[in-house]
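# what would the 3D arrangement of this be:
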Amino acid sequence: MLPLPAAIVAVLQPFACLFTHPTWRHAQVLLVGTLLAQGPRTVTAALRAMGLSGERRFERYHRVFNRARWSGLRGGQILLGLLVWLVPQGWPLVVAICLALVRRQIWAENNYANSTSEQEPVLISPQHLERLLNQVAATA
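Below you'll find the predicted structure:
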């Protein structure tokens, strides 16, 4: 496979610290291939989009997801840092929070032993939401 263009490598470079060198090479191919793939975004589709349909060792690319040790949370922190860096000074930065994830976390903390359904709705008080967000920020 041909090396990725320098412009693409420069954009992806902040995420290199998440991976070992061999895994990073595979992750770059998968990311660019996923952007180029049409239809379902699978490892196979990404490799085909990158012209690697004849690759003999497909499992090496699958291992990026099922065996490689990298942190999605750390990747999110890097992405957030890059987005904050791109926002011009003086512009407001609006952060949207997926309440479904917050509800799931609160439910798991408080109701796991008392309920049999993970789909049980949970009402969130503003104070509880603030406490949870502070916990998330403290672990970041």
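# for Phe15, report the pLDDT, please.
Note for Phe15: predicted pLDDT of 91.
# pretty sure it is touching Gly75, no?
Yes - with contact defined as Cβ atoms under 8 Å, Phe15 reaches Gly75; the gap is 6.1 Å. In this view, the C-beta of every residue, glycine as well, is placed from N, C-alpha and C.
# these two: which has the busier surroundings?
Set side by side, Phe15 and Gly75 show more neighbours around Phe15, with 18 against 15, by other Cβ atoms under 10 Å.
# that one: what's it in contact with?
Going by Cβ atoms under 8 Å, 6 or more residues apart in numbering, Phe15 touches 27, 75, 78.
# so how far is Thr23 from it?
11 Å (Cβ to Cβ, to the nearest Å).
# go on, Phe58?
15 Å.
# and these two? which has more neighbours close in?
Thr23 (18 against 13).
# pLDDT value on that one, please?
86.
# from here on, count from 28
Done: numbering now begins at 28, and the last item shifts to Thr50.
# does it touch Val91 like I think?
Yes - between Thr50 and Val91 there is a contact under Cβ under 8 Å: 5.8 Å.
# how about the nearest residue to Arg101, chain neighbours excluded?
Leaving out its chain neighbours, the residue that sits closest to Arg101 by Cβ to Cβ, 6 or more residues apart in numbering is Leu45, at 6.0 Å.
# burial measure for that neighbour, as a count.
So Leu45, with other Cβ under 10 Å, has 17 neighbours.
# quick one: contacts for it?
So Leu45 contacts 51, 97-98, 101-102, 105 (Cβ under 8 Å, 6+ apart).
# how far away is it from Arg75?
25 Å.
# likewise for Gly81?
Taken as Cβ to Cβ, the span from Gly81 to Arg75 is 10 Å.
# out of those two, which sits in the busier spot?
It is Arg75, of Gly81 and Arg75, that has more neighbours when counted by other Cβ under 10 Å, with 18 against 7.
# pLDDT score assigned to the residue nearest to the spatial centre of the chain?
In the chain, the centroid-proximal residue (Cα atoms, centre = their mean) is Gly99; its distance is 4.8 Å. You'll see Gly99 listed with a pLDDT of 80.
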